[in-house]
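Colleague: sequence unknown, structure follows:
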């Protein structure tokens with residue numbers, strides 16, 4: 001039995017349209033608003049936070065992110081699959097940074113003779129887990145007295161035994177189970 005070429009083209013075109021019809025492109029912009037639809041790249045249409053965009057994504061959808069710095073953690077509530085991946089990418093090659101780091105502001109001089117400055121931080125990741133960056137480089141978090149906190153006297157290769165600020169990246173097994181997809 002032979003199927004006419006016009007029928008094959010019609011069926012093939014219908015399959016292509018059906019697959020593409022479900023995919024949606026969302027946009028995030030530093031000037032956006034999470035109350036927006038997210039369906040356009042301009043601030044009046046775009047979402048503000050990457051997480052707001054990720055929350056809307058279904059398999060096959062794309063999130064285009066406008067240039068800027070997004071200070072947030074992003075958790076994917078679902079995943080795509082091989083035939084319909086979830087895609088995040090910069091909008092038209094713009095520079096995008098997603099970081100959980102917050103700038104420390106409101107510095108004041110603590111000890112002018114020694115050149116010591118201080119600033120408070122309204123949050124903490126817990127003992128031994130905070131990281132401080134100066135000029136893009138990781139530095140050891142200063143404190144007084146300059147002694148390790150009890151229980152944190154461990155040594156990490158190539159780091160100060162005083163305050164190991166980072167080590168090999170890993171995700172604890174409980175995080176994998178309780179918060180899969182967290183970055």
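Modeller: On my side now, so go ahead. A quick note: this is a predicted structure, and the numbers were derived from the prediction, not measured.

Colleague: any chance you could read off phi and psi for residue 50?
Modeller: phi -60, psi -40 (degrees, to the nearest 10).

Colleague: looking at it, it is touching residue 65, isn't it?
Modeller: Yes - counting by C-beta atoms under 8 Å, residue 65 is a contact partner of residue 50 at 6.3 Å. Just so you know, the C-beta spots here come from the backbone N, C-alpha and C atoms, and that holds for glycine as well.

Colleague: hey, what's in contact with both of the two?
Modeller: Residues touching both residue 50 and residue 65 (C-beta atoms under 8 Å, 6 or more residues apart in numbering): 28, 88, 98.

Colleague: on that earlier part again, for residue 50 and residue 65, indicate the residue with more neighbours.
Modeller: Neighbours per residue, other C-beta atoms under 10 Å: of residue 50 and residue 65, the larger number sits with residue 65, 24 against 18.

Colleague: Contacts made by the host helix or strand of residue 109 with the rest, please.
Modeller: Secondary structure from DSSP states H and E places residue 109 in strand 108-111. Residues from elsewhere that reach strand 108-111 (C-beta under 8 Å, 6+ apart): 116, 117, 118, 119.

Colleague: Could you check the pLDDT of the last one?
Modeller: Okay, so that is residue 119. pLDDT, residue 119: 82.

Colleague: quick one, phi/psi of it?
Modeller: For residue 119, the backbone dihedrals (degrees, to the nearest 10) come out as phi -150, psi 140.

Colleague: was I right about it contacting residue 132?
Modeller: No - Residue 119 is not in contact with residue 132 according to C-beta under 8 Å; the separation is 10.3 Å.

Colleague: picking that back up, now for the shared contacts of residue 50 and residue 65, which sits with the most neighbours around it?
Modeller: Top of the shared contacts of residue 50 and residue 65 by neighbour count (other C-beta under 10 Å): residue 28, with 28 neighbours.
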